[in-house]
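Participant: got a sequence here, can you build the structure:
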Amino acid sequence: MPRTYALDHVRNIGIMAHIDAGKTTCTERILYYTGRTHKLGETHDGSATMDFMEEERERGITIMSAATTCIWNDNMVNIIDTPGHVDFTVEVERSLRILDGAIGLFCAVGGVEPQSETVWHQATKYNVPRICFVNKMDRTGANFFSVVQQIRDVLGANAVPICIPIDEGPDFKGIIDLVKMCQVRYIEDKSGTRPVDEPLSEEYREYAEKWRLNLIEAAAELDDTLMEKYLGGEELDENELVNAIRLGTHQQRIFPVLCGTAFRNKGIRRLLNAIINYLPSPLDMPPCKATTMDGEEVERRADDEQNTAALAFKVVADREVGKLVYVRVYSGSLTCGTYITNSTKGKQQRIGRIFRMHANHRENTDVLYAGEIGALVGLSDTTTGDTLCNEESKITLESITFPAPVISIAVTPKSHADRDKLMIALGKLAEEDPTFTVRIDQETEDTVISGMGELHLDIIMERLRREFKVDVTAGAPEVAYRETISKKVSHEERLKKQTGGHGQFAHILFDIEPQEPGKGYEFVNDVKGGDIPKEYIPAIEKGFKEAMESGPKSGCPCVDFKITLTDGSFHPVDSSDMAFKTCASMGFKTAFAKAEPVLLEPIMKMTISTPDEYAGTITGNLCGLRGQVQGMEMVGKNQQIHALVPLSNLFGYTSALRNMTQGRAGFNMEFSHDAPVPQSVAEEILAARKKAREARNGK
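Facilitator: Numbering: from 1, shown residues only. Model prediction:
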């Protein structure tokens, strides 16, 4: 089956923004105007194509990123609509990892909101070129140029308008295209809203020429030839301007800004043209880097004839076809019915079926080529972040890193018959979502689920009941505390047991020392000579890893430390993998306890938007919650308060804030970092956890 669209006619893009900025509404208009759908879907009435989950339609928010493909001006555009709520940041993270470009969507009233900043920095992390679209220009309080300035100041991005509005708010009439230097009027017809390009009227000429000059200066700085032409007083033609903007966007030296109102169907065609004109095709992106099995770094270009390299970036449990693995093909191709190697797991699997996805609708295809996105059936052992490649040319692509969960609850099936169904369902949900984890509490035997926030776990509970038909009850939310150490300790551990026959012998010496916050766990083998045979080293590391799941102070996972194995000895008969694993586990518990363990708690970065008269009450309340106010600023008519607050004190904060402000304030929060708990508070927490365990055990 030949390729339908050449690589330079393919765009892989995502739409990212703060919650309620209009991402899904914008996507629905794109699908409608490209002919992908024949009816406009709306989030407010639950008819949006891309919000296909029942929970999304009920709440009017995007929870799971959805992929679709549409055609515009003979170009294939693969789109991923991502959530805006911070609890579902995993969906944004894994989408941006595999995209070539993105649209940063901003509300014309709210501007750069907290989650706008988060997703923008995620895109920067993965080096994704972006264009900006200022949405909701028809709303009261809309201010296009204020948003442009916020993009520059808050995000540090060189935002350059290529369209500017004709009036704002309820008086919003249309836009001026600074590249074509024309004004666009919108006419209501059967197709929705039709744009009509008109010559620039004298009323807007001075206004347009000012911003056209700003665009030309930004473009000229990107190209020496254009700079000479500009300084020589020559006019830049449209093609030169488009090419310069395209180059600057690819290099992320400029970020073109457009405007419109998706709900009123204005500005969407211009946005589609900008996607094609300015965002990169797979050919414009640098080759992806990979590592061979020997540790050598290699590159894979977007080329159908190269060896296959694809990344699994999402897994979904589909009711009809089973496990769906979403992949991005970087080089080569994937063909239905053939075998592919999962180099991450070291397994070869057969591709049963290949789909192009349109939200939750599947369209069969025989081949996925380089630069394309699709979903595979048949890869039972593949999970998020795995590399798929040829058996004869094994490589691994850079995987995806995800934040650790910050909140937990215990779940209990209401009947004995639901117990097995519960574990199967939780296993499938955990496979879909790397920020959702499941564990069994060794002391209470409770099933504990952990996620990124209360909404995240609420959605999990709803999905258990609706999709998997498992009736469960949930305990009160608990903060995901962790432990670390505050000083370096050297430790020697010896295991020597002799029963009948072979005994057990293992002897290790190691250093354990704290690492900077967020660095995680690191193991270094510094054993010289053959004091400990190499085949026992993995067992030692496994023993450390198993022991670090439960710290000596609180029973919480241990983080941010480094273990250096320095020496040891073995017995030619009595030593074994099990002996060294047990020895490492025992040694870790003793050494960690000697290294002055510290309890850590998740700290949340909060942004509270409130009328000015309530600002003093809110800041006083935050101080009582052990919060630290980082700053305050006026945004529009509201005060924005930025603060760092321990998550443990934020349960029920929505109701508290509503009561303090008569329902006129709102807030957004995201995980910032783990920080040591004050000693007096730590003692209270540990005593409460101990009391709860004893109550559950019936003591």
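Participant: would you confirm that residue 148 contacts residue 163?
Facilitator: No: the pair residue 148 / residue 163 is not scored as a contact, 11.1 Å apart, by Cβ atoms under 8 Å. To be clear about C-beta, it is placed using only N, CA and C from the backbone, and glycine gets the same treatment.
Participant: any weak-confidence spans in this structure?
Facilitator: Low-confidence segments of the chain (pLDDT under 70): 1, 39-64, 84-86, 189-192, 442-445, 499-501, 636, 692-699.
Participant: quick check: the gap between the most centrally placed residue in the chain and residue 404.
Facilitator: By Cα atoms, centre = their mean, the chain has its centre lying nearest to residue 93, at 2.2 Å. As judged by Cβ to Cβ, to the nearest Å, residue 93 and residue 404 stand 13 Å apart.
Participant: from residue 211, how far off is residue 205?
Facilitator: With Cβ to Cβ as the criterion, residue 205 and residue 211 are 11 Å apart.
Participant: looking at these two, which one has more neighbours?
Facilitator: residue 211 (17 against 14; other Cβ atoms under 10 Å).
Participant: what's the nearest residue to the more buried one if we skip its chain neighbours?
Facilitator: Distances taken as Cβ to Cβ, 6 or more residues apart in numbering place residue 164 nearest to residue 211, at 5.2 Å, with adjacent residues excluded.
Participant: what's the neighbour count on residue 477?
Facilitator: With other Cβ under 10 Å as criterion, residue 477 counts 18.
Participant: list the contacts of it.
Facilitator: 407, 408, 409, 454, 457, 651 (Cβ atoms under 8 Å, 6 or more residues apart in numbering).
Participant: and these, which of them are buried?
Facilitator: 407, 408, 409, 454, 457 (16 or more other Cβ atoms under 10 Å).
Participant: possible to save those as JSON lines with secondary structure and distance to residue 488?
Facilitator: Conversion of these to JSON lines gives the following (DSSP: H, G, I helix; E, B strand; the rest coil; distance: Cβ to Cβ, whole Å):
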{"residue": "407", "secondary structure": "strand", "distance to residue 488": "32"}
{"residue": "408", "secondary structure": "strand", "distance to residue 488": "31"}
{"residue": "409", "secondary structure": "strand", "distance to residue 488": "36"}
{"residue": "454", "secondary structure": "helix", "distance to residue 488": "38"}
{"residue": "457", "secondary structure": "helix", "distance to residue 488": "37"}
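Participant: need the max-distance pair from those.
Facilitator: 408 and 454 (11.1 Å; Cβ to Cβ).
Participant: residue ranges for the strands of the stretch 251-400 of the chain, please.
Facilitator: Shown for the stretch 251-400 of the chain, the strands assigned by DSSP state E, counting those that start in this stretch span residues 255-259, 288-292, 297-300, 309-318, 322-331, 333-335, 339-342, 347-350, 353-358, 361-365, 367-369, 373-377, 387-389, 395-397.
Participant: packing partners of the fifth one?
Facilitator: When you say that, I think you mean strand 322-331. strand 309-318, strand 367-369, strand 373-377 (3 or more Cβ pairs under 8 Å, 6 or more residues apart in numbering; DSSP states H and E).
Participant: follow-up on the earlier one: list the residues that contact both of residue 148 and residue 163?
Facilitator: residue 257.
Participant: same drill for the two, tell me which one is more crowded.
Facilitator: residue 163 (26 against 22).
Participant: so how far is residue 134 from the more buried one?
Facilitator: Residue 163 is 9 Å from residue 134, by Cβ to Cβ.
Participant: what touches both of these two?
Facilitator: By Cβ under 8 Å, 6+ apart, the residues touching both residue 163 and residue 134 are 257, 258, 259, 260.
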